[in-house]
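Asker: what's the 3D shape of this:
(one chain, ligands or ions: 3)
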Amino acid sequence: MLLEVRDLQVEFRTRDGIAHAVNGVTYAVDAGETLAVLGESGSGKSVTAQAVMGILDMPPGRITGGRILFRGTDLLTLKEDERRRIRGAAMAMIFQDALSALNPVLTVGDQLGEMFTVHRGLSRKDARAKAVELMDRVRIPAAAQRVRDYPHQFSGGMRQRIMIAMALALEPALVIADEPTTALDVTVQAQVMDLLAELQHEYRMGLILITHDLGVVADVADRIAVMYAGRIVESAPVHDLYKAPAHPYTRGLLDSIPRLDMRGRELYAIKGLPPSLLRIPSGCAFHPRCPMARDVCRTDVPPLYEVNEQRGSACHFWRECLDG
Ligand SMILES: Nc1ncnc2c1ncn2[C@@H]1O[C@H](COP(=O)(O)OP(=O)(O)OP(=O)(O)O)[C@@H](O)[C@H]1O
Ligand code: SF4
Ligand SMILES: [Mg+2]
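Answerer: Numbers count the residues shown, from 1 in each chain. Ligands and ions are numbered 1, 2, ... in the order given. Okay, here's the model as predicted:
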């Protein structure tokens, strides 16, 4: 397995108390596979990713438990320089906001080229040629000229392509894309997502795609992990999950996506709000919002039950949920 996160726990010290952002996340992604991580705002998607990348804000953040195995090595036991080496070459991250992730005072050619001069020891001239080649790969028109432009001279969609190029420059084994298309308009979103999926396939990298949009992942992901209040509540192959969710929260998410065959009908919305991470509800954290909740849900934390070899659900009543 390329990456295995096991029972990861992260908390933040805040003025109001300890925020329990990640409360035992377990997920895995293999080479050539795309794992979509889905969940409402604040569910711990980015914090988990930052812990994997080793870029968590510490303090105020603190990893209080769990393991992050990359090709079998627990990254949490490595020294910072070993960690940095892996982060530079074997893993890369794509963020939502390219404008703040790219350096505004360097041309994109210099930034892309730097990947090759610093990490691969290429000459400036060869690095420049590599930069142009990469810009071509992510289909930036007139790459040979545009390599001299600065980030702000590109449109949002083109900038996002440049960030993808930066992430893929050293052909990392693992890429984490955190809401990579959220800031773009819908048609550009689809183009960038298609490009990412195509390159993922070609490079056979493991891709973790973080999103709160269940609509975009159907075509590109192999598996989905659904997060709620810092936990994985359901994990399944994409098509199984779409066909029949095994957790009421996933069902709620699915019922709240606009669908063509539902046009005109009112869209479902999960009632209530995500919980405060300072005071996570007892038992199943979803119980205050769950239409299926019973007494046991208020007292007993559901483990991630094995639904079958491929799927897990953290719901005491996953069978009922699966049966609709
Ligand atoms: N630097 C920080 N300091 C304090 N608390 C933080 C920090 N970063 C994250 N948190 C806490 O962790 C929680 C989970 O954050 P995270 O960014 O992982 O959410 P997310 O699932 O990525 O949401 P979104 O969809 O909005 O990006 C936040 O709601 C916040 O309480
Ligand atoms: S364990 Fe109970 S509250 Fe939690 S999702 Fe299942 S039915 Fe709902
Ligand atoms: Mg986030």
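Asker: Would you tell me which residues of the protein are close to ligand 2?
Answerer: 247-248, 284, 286-287, 290, 292-293, 297, 302, 315-317 (C-beta under 6 Å from any ligand atom). Where you see a C-beta, it was placed from the backbone N, CA and C, and this is true even at glycine.
Asker: how about TSV for these, with secondary structure added?
Answerer: Compiled in TSV, these are given as follows (DSSP: H, G, I helix; E, B strand; the rest coil):
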residue	secondary structure
247	coil
248	helix
284	coil
286	coil
287	helix
290	coil
292	coil
293	coil
297	helix
302	coil
315	coil
316	coil
317	coil
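Asker: Out of the residues you listed, who's the most crowded?
Answerer: The most neighbours of any of these, using other C-beta atoms under 10 Å, belong to residue 247, which has 32 neighbours.
Asker: circling back: tell me the one among the residues of the chain next to ligand 2 nearest to ligand 1.
Answerer: When the residues of the chain next to ligand 2 are ranked by distance to ligand 1 (C-beta to the nearest ligand atom), residue 286 comes first, at 15.0 Å.
Asker: wait, the closest one sits on residue 228?
Answerer: Yes - assessed by C-beta atoms under 8 Å, residue 286 is found in contact with residue 228 at 5.7 Å.
Asker: Overlap in contacts, the two.
Answerer: Common contact partners of residue 286 and residue 228 (C-beta atoms under 8 Å, 6 or more residues apart in numbering): residue 249.
Asker: With just CA atoms, put the helix or strand hosting residue 197 into PDB.
Answerer: Residue 197 is part of helix 186-203, with elements assigned from DSSP states H and E. These are the backbone C-alpha positions of helix 186-203, laid out as PDB (Å, rounded to 0.1, in the frame of the first residue of the first chain):
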ATOM      1  CA  VAL A 186     -18.100  25.300 -13.500                       C
ATOM      2  CA  THR A 187     -16.900  24.600 -17.000                       C
ATOM      3  CA  VAL A 188     -13.300  25.300 -16.100                       C
ATOM      4  CA  GLN A 189     -13.700  23.100 -13.000                       C
ATOM      5  CA  ALA A 190     -14.600  20.200 -15.300                       C
ATOM      6  CA  GLN A 191     -11.600  20.800 -17.600                       C
ATOM      7  CA  VAL A 192      -9.100  21.000 -14.700                       C
ATOM      8  CA  MET A 193     -10.600  17.900 -13.100                       C
ATOM      9  CA  ASP A 194     -10.400  15.900 -16.300                       C
ATOM     10  CA  LEU A 195      -6.800  17.000 -16.700                       C
ATOM     11  CA  LEU A 196      -5.900  15.900 -13.200                       C
ATOM     12  CA  ALA A 197      -7.600  12.600 -13.700                       C
ATOM     13  CA  GLU A 198      -5.800  12.000 -17.000                       C
ATOM     14  CA  LEU A 199      -2.400  12.800 -15.500                       C
ATOM     15  CA  GLN A 200      -3.100  10.700 -12.400                       C
ATOM     16  CA  HIS A 201      -3.800   7.800 -14.700                       C
ATOM     17  CA  GLU A 202      -0.700   8.400 -16.800                       C
ATOM     18  CA  TYR A 203       1.700   8.800 -14.000                       C
END
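Asker: from the middle of its chain, how far away would it be?
Answerer: Its chain's C-alpha centre and that of helix 186-203 lie 15 Å apart, by C-alpha atoms, centre = their mean, to the nearest Å.
Asker: List the buried residues of it.
Answerer: 188-189, 192-193, 195-197, 199-200, 203 (16 or more other C-beta atoms under 10 Å).
Asker: Quick check: the two most widely separated of the residues you listed?
Answerer: Maximum pairwise distance among the buried residues of helix 186-203 (C-beta to C-beta): 22.3 Å, between 188 and 203.
Asker: part of a helix, is residue 273?
Answerer: No - assignment of residue 273 by three-state DSSP gives coil, placing it outside any helix.
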